[in-house]
Structure formats: structure tokens, C-alpha cells
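> take a look and give me a structure for this.
(one chain, ligands or ions: 1)
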Amino acid sequence: MNPASLIPIAEPLPIHWAWFDILLIVTLTAHLLFMNALLGSAVIGLIRSVRGDTGPLRQAGMKLPPLLALTINMGVAPLLFLQVNYGNFDYVSSVLMGGWWLAVVAVLLAAYYGFYIGKFKFDAMGPGLRGLLFAASIGGCLYVGFMFTNNMTLMLHPETWTEYFRVQGAFLNLGDPTVPPRFLHAMVGALAVGGLFLALLGRTRKNDEFVDLGMTWFTRATLVNLAVGFWFLIAQPDDIVAAFMGGNIPATGTLLAAFTAMGAMLWAGYRKRPRQSAVWAVITVFLMVCTRHWLRVLSLAPWFDINTTPVTGQYGSFYLFLGFLVVGLALVGYMLKLYFAARGRGV
Ligand code: HEM
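From the prediction side, this is the model:
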């Protein structure tokens, strides 16, 4: 069977595709930053509490439910933009994963409850039960992340979709050599940003121990991630590696810019400057998301050229969306201002 016959025809787009790609990249950056703070701080806190120091888990544990809520909210937006531009690939891969993919919702809900119970019953539970509860919720988040890596790689390879007819049902993209380093790259990145999150908490609470702990995780995990990132690159097919090694100038330039930002981030990290490191971390994650976007464009090139998708040119609804976005962001900013002012007065 020709796998190309399994790719649905792209639906017409109301406006130029670049708008959706930009929104996809920006919102995915926010999603990954929240996910990193959530998962990384939970794992570091759990490891410390197993070693007898419950301080980091207690501090991080109070923030985990809102962090998970923000991760999910900031995940919905890129999911929608992804489906607009690449729905003819992503819908298929989601369906091929079947129950594995649908289970994400149930697992996420269970993890959410776990973090809530961990927050409100932190002291009521013994260390054993508390550890198990946090470990189970972290396990749930790892499952969700792994399913995303499977889906985001399966959508790039229609040549593997025919596996569905061989196994007669749902399957994961486990035969793809890029899946382990890709997932590990995201998870080690989460440890780094989670460490940075703890350091930022330490800085606002004038707790030097937290700053030291967080910045140590931040720098060490980033160094490990350099090696994992290299593994992720060389696991790609030869033509993709060549594209990132100078064959495709925009892709190579984006990767180089991401490396440069990472260097600045490490430099600030070693000087134990959490706020400066945070600024570089946001820039680095943004550039890595752009690099990952090039990877998608290059991988889909044999199957799909987004320029061939018809555009109907209905810009009216887009302007309405932009208007609501600006007003919404201004309102959120105003609410945050009121919130911090009330906290300052001890309300
Ligand atoms: C604890 C919960 C979550 C974790 C740990 C997590 C983790 C991840 C990871 C690791 C990736 C990168 C996958 C890859 O490309 O290899 C990712 C991408 C993504 N996540 Fe999440 N995620 C979570 C929840 C969600 C939710 C609830 C949504 C949507 C409702 C969401 C939407 C997305 C989307 C759309 C992408 C990929 C966008 C793109 O490829 O451009 N995530 N997530």
C-alpha cells in the first residue's frame, strides 16, 4: 500500500499558514516552560525527600496544582494551532495510537488529583505514602509526555502508518530511533528548568539553600542535555542531519542561535544568577521549539508542502481573535497586578 494514500487532503486555511505556525511556536514555548517547572521541581523535590530533606518537596508541592493547570491550559492552544496547519498528519497519528492516546485524559486527571491531595494533606501523610503519591503523579505526567513524543513523531512518518493493518489496532511509534533521545531531551530539560524554578522560589524567599540546590540541578542537567541533544540530532535520518549541519541555512542558523543562547544561559547559571538565567532559559526554549519546528517541516517535506494548502483569505475573524487576545492579555495583567498588590498588603 502507498502510505501517501492514507494522508487526508488538507482543509483550506482561512488566513496565511505562517500566522498559525507563529502562534503554535509561541504557545508551545509557554506550555513547555510550565511543564518543565512542574515536572522538574516535582522530581527534584521527591529525590530530596527520599534523602530525608522534605523542604523542596513541600515548597514545590504547593505550586504543583496551579502549574499543572497552566501546563494544560497552555497545551490546548498549540494543540489547536497544530491541528489547523498539520491536522491531516496529527489527527491520523492520534487515531493510530487509539487507547494509548485517549488514556492521556484519564491519567492527567488522576495525576492532578494526586498533586492536590499532596498539597492539602502534605503533613497529614507519612513520608512513605506521601512519596508514593507524588511518585504516582509524576509517573502520570511522564506517561502524558511520552504519549506526546510518540504522537509528534508518528505524525512525521506516514511510511509507518501501515503498521496499523499488521497489528490490527492501536500502536506506539517505538520502532523510531529518534523517540528515546527526543523524550529524554524534553525530560532532562524539565529537570534543568525545574531546578531553575526552585532557585527562583529561593531567591524570592531569601533562601540561599534553595538557590544553591536549584542552580546546581539547572547547570548539571543542562550539561547532560548537551549530550542527549547531540544523540537526538544524530538519531535523525542522514538528510535531516545534513540539513542541520549547513545544508539548510535557516534550520542550521536556528540551531546555532539556540546553542548560543544555551551558552549564555549556562554562563548565568554558573554565576548563580537565577533571574538572568531565567531570561536566557526562555530564549533558549523558544529557539529550541523553533529548531524542533524545522525538524517537522524537513521531515514532512517528502509528503507535504504547506504552501499548497488553499487559503480563503477571511481575515475578519483573525482580527477579532487578535483583538480579544490583546484585551484578554491586558485583563490578565491587570488581575495579576491586583493579586500581587493584595498579597503585598497581606490580604
Ligand atoms: C503533565 C502534562 C504534560 C506533559 C508532561 C507534557 C509534555 C510534553 C512534551 C514532552 C512535549 C514534546 C513532545 C515532543 O515533541 O517530543 C509536548 C508537546 C505538546 N504538548 Fe504537552 N504535555 C502535557 C500536557 C499537555 C496537554 C494537556 C496538552 C493539550 C491539551 C498538551 C499539548 C501539547 C502539544 C500540542 C504539543 C506539541 C505541539 C507541537 O508539536 O507543535 N500537552 N508536551
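> what does the stretch 1-150 of the chain put close to the ligand?
By CB under 6 Å from any ligand atom, the residues of the stretch 1-150 of the chain that approach the ligand are 24, 28, 31, 35, 39, 71-72, 75-76, 78-79, 82, 108, 141, 144-145, 148-149. No exception for glycine: its C-beta is placed from N, CA and C like everyone else's.
> tell me where the stretch 151-300 of the chain has helices.
Remark: helices assigned in the stretch 151-300 of the chain by DSSP state H, counting those that start in this stretch are 163-167, 179-204, 208-234, 238-242, 249-270, 274-300.
> for these, which one ends up most surrounded?
Among the helices of the stretch 151-300 of the chain, helix 179-204 has the highest mean neighbour count (mean count of other CB atoms under 10 Å), at a mean of 23.
> closest residue of the stretch 51-200 of the chain to the ligand?
Nearest to the ligand in the stretch 51-200 of the chain, going by CB to the nearest ligand atom, is residue 75, at a distance of 2.5 Å.
> list the helices and strands the host helix or strand of that residue packs on?
Secondary structure assignment for residue 75, by DSSP states H and E: helix 55-97. With contacts taken as 3 or more CB pairs under 8 Å, 6 or more residues apart in numbering; DSSP states H and E, helix 55-97 sits against helix 17-50, helix 99-120, helix 127-154, helix 179-204, helix 208-234, helix 274-300.
> quick one: the fourth one to helix 55-97, angle?
Inter-element angle recorded for helix 179-204 and helix 55-97: 150 degrees (by axes from the mean of the first three to the mean of the last three CA atoms, to 10 degrees).
> report the distance from helix 179-204 to the chain centre.
When distances are taken as CA atoms, centre = their mean, to the nearest Å, helix 179-204 is centred 11 Å away from the chain's centroid.
> ditto for stretch 99-115
Relative to the centre of its chain, stretch 99-115 is centred 17 Å away, using CA atoms, centre = their mean.
> what does that stretch rub up against?
Stretch 99-115 is contacted by residues 42, 61, 64-65, 68, 72, 94, 133-134, 136-138, 140-141, 143-144, 147, 150-151, 170, 172 when judged by CB atoms under 8 Å, 6 or more residues apart in numbering.
> CA atoms only for that stretch, dumped as CSV, please.
What follows is stretch 99-115 as a C-alpha-only set of coordinates in CSV (Å, rounded to 0.1, in the frame of the first residue of the first chain):
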residue,chain,number,x,y,z
GLY,A,99,-6.4,3.9,23.5
TRP,A,100,-2.9,5.0,24.4
TRP,A,101,-3.8,8.5,23.3
LEU,A,102,-7.3,8.6,24.8
ALA,A,103,-5.8,7.4,28.2
VAL,A,104,-3.9,10.7,28.4
VAL,A,105,-7.1,12.5,29.7
ALA,A,106,-7.7,9.9,32.5
VAL,A,107,-4.1,9.7,33.5
LEU,A,108,-3.8,13.5,33.6
LEU,A,109,-6.9,13.8,35.8
ALA,A,110,-5.5,11.2,38.2
ALA,A,111,-2.1,13.0,38.4
TYR,A,112,-4.0,16.3,39.0
TYR,A,113,-5.9,14.7,42.0
GLY,A,114,-2.6,13.3,43.3
PHE,A,115,-0.9,16.7,43.3
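> buried residues, that stretch. List them.
100, 101, 104, 107, 108, 111, 112, 114, 115 (16 or more other CB atoms under 10 Å).
> now stretch 130-150
Result for stretch 130-150 [16+ other CB under 10 Å]: buried residues 130-131, 133-134, 137-138, 140-150.
> tell me the pLDDT of the closest residue to the ligand within the stretch 201-347 of the chain.
Closest residue of the stretch 201-347 of the chain to the ligand, CB to the nearest ligand atom: residue 292 (6.3 Å). Predicted confidence (pLDDT) for residue 292: 98.
> okay if I get the buried residues of stretch 99-115 as CSV plus pLDDT?
CSV is the format used below for the buried residues of stretch 99-115 (pLDDT from 0 to 100):
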residue, pLDDT
100, 97
101, 98
104, 98
107, 98
108, 97
111, 98
112, 97
114, 98
115, 98
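> on that earlier part again, correct me, but the residue of the stretch 51-200 of the chain closest to the ligand touches residue 29?
No - here residue 75 does not reach residue 29: they are 11.9 Å apart, not a contact under CB atoms under 8 Å.
> where in the stretch 201-347 of the chain is pLDDT low?
Along the stretch 201-347 of the chain, segments meeting pLDDT under 70 span 346-347.
> next up, the contacts around residue 294.
243, 244, 248, 250, 251, 254, 255.
> among these, which one lies nearest to residue 227?
residue 255 (15.8 Å; CB to CB).
> how close does that closest one get to residue 303?
23 Å (CB to CB, to the nearest Å).
> likewise for residue 70?
Relative to residue 303, and taking CB to CB, residue 70 is found at 34 Å.
> so for these two, which sits in the more crowded spot?
Legend: neighbour count by other CB atoms under 10 Å for residue 70 and residue 303, higher for residue 70 (18 against 15).
> show me what contacts the more buried one?
Residue 70 neighbours (CB under 8 Å, 6+ apart): residue 34.
> that one and residue 338: what is the separation?
On the measure of CB to CB, residue 70 and residue 338 end up 19 Å apart.
> is residue 122 in a helix, a strand, or coil?
Under DSSP: H, G, I helix; E, B strand; the rest coil, the three-state class of residue 122 is coil.
> is it true that residue 153 touches residue 180?
No - in this structure residue 153 lies outside contact range of residue 180 using CB under 8 Å: 10.6 Å.
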